[in-house]
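Colleague: Have a look at this fold, sequence not included:
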């Protein structure tokens, strides 16, 4: 099976969890690949244009959800962008905390971070 291209959206405060997912992706049996478009500088309109192009080139997106998500304007924009580009997106809790979701994510399913959930999502892409 060809590896899938996955865009990862996350709050910059949750970079460690993104690194964990990167580590999983490097495992020899992992069925996915991904592009990391993390924000390293304050973003502007050009960043959004470049980010949208990357999102459009992916098979799916995974959004890491935490207590930081509600204030993560960049992550929320990335999730919205994936929705606008009709890219299947899985929301995934990064740990056992269950903070309230930002209004833009109300009503959406958030999955527990597990190998089974990741594999199931990616196999459907």
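Modeller: Arrived safely, thanks for sending. Just so you know, these numbers come straight off a predicted model, no measurement behind them.

Colleague: Partner strands of the lowest-mean-pLDDT helix or strand in the chain, with direction?
Modeller: None of the helices or strands of the chain scores lower by mean pLDDT, DSSP states H and E than strand 32-35, at a mean of 72. Paired strands of strand 32-35, with direction, are strand 4-9 (parallel) (DSSP bridges).

Colleague: and the angle for the helix or strand following the partner strand with strand 4-9?
Modeller: Moving toward the C-terminus from strand 4-9, the next helix or strand (DSSP states H and E) is helix 15-25. Compare the direction of helix 15-25 with that of strand 4-9 by axes from the mean of the first three to the mean of the last three Cα atoms, to 10 degrees and you get 170 degrees.

Colleague: so how far is helix 15-25 from its chain's centroid?
Modeller: Remark: helix 15-25 is offset 11 Å from the chain centroid, using Cα atoms, centre = their mean, to the nearest Å.
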